[in-house]
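Trainee: Please find the sequence and the predicted model below.
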Amino acid sequence: MRERHAIAGEADSPGALASGRVTDALREAILTGRLAPGSRVRQEELAEEFGISRIPVREALRRLEAEGLVVLVPNSGAWISKLDRDECIEIYKIRERLEPMALAESCPYLSEETLRRLADLASSIEQTRDSDEFLRLDREFHLLSYEGAPMPHLRQMINKFWNSTQQYRRAFRLTAGGSTMQAVYYEHHLILEALMRRDGEQASMILLGHIRRTRLKLQEHDEVFA
């Protein structure tokens, strides 16, 4: 009991709370594109901005590195994760295999409430014309659809891959034409319909093509990785 209280006390300590604030702020700035891939993160500037010491800043950067959002380079500092073309395409090929498996495993365990939320998200994604809103809703749709998979390590890997490819998904959204986006919306609804039928195999097949579409589109735009 004393050990549990001690752990809780550490989590609620001023240093831990400060580190959490920095983590959340940096994560949002990276995922929304305010911090560009390859840009440097200066610990002293963050410490001054948040009015804290560098210790909670370093802890925040370590957390973000574990999430795939930051790279810590010895004797150099912290940098926002950046992928070259080959690295990004490799990750997309891995996602084409892992995420359909996660979806098939998740399908039997998704609650009716979760399915209703997925339906709302699919409709909202189709209606929005704002790129940042699209990215936020699309991310929630897919990661929520994997929520039922009783495979926490797999879900953790997928989350990290989503983090590291976020900026390139933004590039896909900005370069995609109307017909491409219509296909994206249609596939969301097909995935949802398969999940509602509890047909995880069909849902996973649609998802594989859905992810591959983005990869093939990115391969046409080398300037994204410049």
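Mentor: Received the coordinates, thanks. None of the values given here were measured: they were computed from a predicted structure.
Trainee: in the longest helix along the chain, what counts as buried?
Mentor: If you go by DSSP state H, the chain has its longest helix at helix 85-106. Within helix 85-106, the residues scored as buried using 16 or more other Cβ atoms under 10 Å are 88-89, 91-92, 95-96, 98-106. Quick note: C-beta positions are derived from backbone N, CA and C, even for glycine.
Trainee: From the contact counts, what lies against the helix or strand following that helix?
Mentor: Per DSSP states H and E, the first helix or strand lying C-terminal to helix 85-106 is helix 112-127. Applying 3 or more Cβ pairs under 8 Å, 6 or more residues apart in numbering; DSSP states H and E, one finds that helix 112-127 makes contact with helix 131-145, helix 178-196.
Trainee: Do I have it right that K217 meets M181?
Mentor: No. Under the criterion of Cβ atoms under 8 Å, K217 is not in contact with M181, lying 10.9 Å apart.
Trainee: Show me the domain layout of the protein.
Mentor: Listed domain ranges for the chain are 2-80, 85-225 (source: automatic domain parsing).
Trainee: Can you identify the element that follows the lowest-mean-pLDDT helix or strand in the chain toward the C-terminus?
Mentor: Across the helices and strands of the chain, mean confidence by mean pLDDT, DSSP states H and E is lowest for helix 2-11: a mean of 46. Per DSSP H and E, the first helix or strand lying C-terminal to helix 2-11 is helix 14-31.
Trainee: average model confidence for the longest helix of the chain?
Mentor: Averaged over helix 85-106, pLDDT sits at 96.
Trainee: Can we start the residue count at 15 from this point?
Mentor: Yep, numbering from 15; the last one is helix 99-120 now.
Trainee: can you give me the offset of that helix from its chain's centre?
Mentor: Relative to its parent chain, helix 99-120 has a centroid offset of 13 Å by Cα atoms, centre = their mean, to the nearest Å.
Trainee: So which residues make contact with it?
Mentor: With Cβ atoms under 8 Å, 6 or more residues apart in numbering as the test, helix 99-120 has contacts from 97, 156, 159-165, 168-169, 171-172, 175, 178-179, 182, 205, 209, 214-215, 217-219, 221-222, 225-226, 228-229, 232-233, 236, 238-239.
Trainee: Which of the residues you listed are buried, as a PyMOL select command?
Mentor: Command for PyMOL that selects the buried part of the contacts of helix 99-120, burial taken from 16+ other Cβ under 10 Å:
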select buried, resi 97+156+159+160+162+163+165+168+169+171+172+175+178+179+182+205+209+214+217+218+219+221+222+225+228+229+232+238+239
